[in-house]
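S.K.: Here you go, sequence then predicted model.
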Amino acid sequence: MVFICSVATAQLPINWIDPLNEGVLQGRLADNDITGYNRLPDSVKSVVREPVWALGTNNAGVYVNFKTNAKEIQVRYTVSGALDMPHMPKTGVSGLDLYASNNNGEWYWTPGDYRFKDTITYSFGPVKENSHRIYRLYLPLYNTVTWMEIGVSSDATIEFQKEEESPIIIYGTSIAQGGCASRPGLAWSNLLGRALNTPVINLGFSGNGRLEKPIIDLIANTPSRVIILDCLPNLTGVTPENTERIDSLIQAAVYQLRASQPNTPIVLTDHSSGFNKNILDETDNTLYEQTTQAGLASFEKLKQAGVKNLYHLRNADIALDINSTVDYAHPNDFGMVKISDAYQRLIEQFLR
């Protein structure tokens with residue numbers, strides 16, 4: 001849909017558009033049963049745990065694509081949660097991020113002038129006018145947008161773009177949700193989407209990415225290009241009982257997904273931390289390493305059983321170091337790039 005309005009005045013008014021009303025939100029499940037800017041459909045509210053539902057109202061990975069010839073882009077919106085966290089700034093928890101791509105797939109970034117008040121505002125630009133450029137506006141990672149409008153000068157045009165390709169779906173933890181990127185575009189899922197130029201759906205739930213059946217059901221029913229299961233950081237434990245639980249959850253998830261999508265590549269991921277001799281906290285190292293070993297054993301069992309198109313992203317391939325996290329679990333921006341790069345290298349091996 002194209003919006004055009006021309007007013008010959010010294011200072012033109014702003015034309016404000018609500019992306020929710022236009023039905024142009026990207027990066028979430030294709031389900032008409034989704035309320036507001038949520039990531040999960042209303043139909044699962046009664047079957048997922050309360051924390052999962054609450055986190056599903058956060059907007060991690062949700063974005064809007066559009067073309068415009070405007071030199072400045074304004075956004076105003078409100079959120080329902082706290083603006084920041086002790087280890088993550090307002091710009092990551094509650095902020096926006098604006099990127100743009102050209103016809104050759106090259107990406108650009110537009111810094112924003114922001115004000116965090118009851119109504120949050122971002123002003124992007126001025127930028128060089130280009131009606132062929134496709135902008136991508138990322139929504140907050142750890143907050144819930146309750147209302148939003150995108151504004152351009154009333155003599156400019158804005159045309160929203162919708163993607164039709166099958167997505168990469170990520171089921172994970174706080175790390176997948178985006179903790180602790182300084183801004184939304186630097187969450188590893190969003191980095192990966194731009195690197196591979198493919199839609200990505202982020203089903204990361206802070207502290208609650210536990211390979212639970214209601215979420216696996218949603219993924220199984222969504223035709224996908226790749227499915228990533230990155231839940232080990234929320235399944236940590238060193239007891240034999242926990243090792244058995246990890247194996248049971250992984251086996252159930254993979255077999256259900258394989259039955260629904262026989263040819264879709266599935267990636268099982270190690271805990272991104274651990275195996276680091278330069279970390280002095282032996283307790284965390286041991287915990288993360290034993291969790292990874294339990295996941296690896298389950299992966300090998302599935303491979304021996306003949307499960308096809310099953311891949312493994314190793315801790316060593318991610319290679320987080322002592323400069324990569326804020327707390328030896330949640331990556332900073334540098335760690336986010338490392339994670340995205342590792343996934344990109346792996347996925348490009350089988351999506352050629």
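M.R.: Ah, there it is. Numbering: from 1, shown residues only.
S.K.: All the helices of this structure, in order from the start?
M.R.: Per DSSP state H, the chain carries helices over the ranges 19-22, 50-56, 90-93, 174-177, 188-196, 213-220, 240-260, 282-304, 315-318, 333-350.
S.K.: Let's have those in a markdown table, adding mean neighbour count, mean pLDDT and distance to L268.
M.R.: For every residue, glycine as well, the C-beta is placed using N, CA and C. Output for the helices of the chain, formatted as a markdown table (neighbours: other C-beta atoms under 10 Å; pLDDT from 0 to 100; distance: least, C-beta to C-beta, whole Å):
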| stretch | mean neighbour count | mean pLDDT | distance to L268 |
| --- | --- | --- | --- |
| helix 19-22 | 16 | 96 | 35 |
| helix 50-56 | 18 | 98 | 21 |
| helix 90-93 | 22 | 98 | 27 |
| helix 174-177 | 26 | 98 | 14 |
| helix 188-196 | 24 | 98 | 16 |
| helix 213-220 | 19 | 98 | 13 |
| helix 240-260 | 16 | 96 | 7 |
| helix 282-304 | 17 | 94 | 5 |
| helix 315-318 | 18 | 98 | 12 |
| helix 333-350 | 19 | 98 | 11 |
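S.K.: can those helices go into CSV with extra columns for distance to I227?
M.R.: Listed next are the helices of the chain as CSV, based on distance: least, C-beta to C-beta, whole Å:
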stretch, distance to I227
helix 19-22, 27
helix 50-56, 18
helix 90-93, 26
helix 174-177, 13
helix 188-196, 13
helix 213-220, 6
helix 240-260, 6
helix 282-304, 14
helix 315-318, 18
helix 333-350, 11
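S.K.: Between these, which one is closest to N104.
M.R.: Closest of those to N104 is helix 188-196, at 13.4 Å (criterion: C-beta to C-beta).
S.K.: what is the orientation angle of that closest one with helix 333-350?
M.R.: If you take axes from the mean of the first three to the mean of the last three C-alpha atoms, to 10 degrees, helix 188-196 sits at 50 degrees to helix 333-350.
S.K.: by contact count, what packs against helix 188-196?
M.R.: Applying 3 or more C-beta pairs under 8 Å, 6 or more residues apart in numbering; DSSP states H and E, we find helix 188-196 packed against strand 97-101, strand 168-172, helix 174-177, strand 200-204, helix 333-350.
S.K.: out of these, nearest to R194?
M.R.: Nearest to R194 among the helices and strands packed on helix 188-196 is strand 97-101; the distance by C-beta to C-beta comes to 6.7 Å.
S.K.: Parallel or antiparallel, list what pairs with the closest one.
M.R.: strand 107-110 (antiparallel), strand 134-138 (antiparallel) (DSSP bridges).
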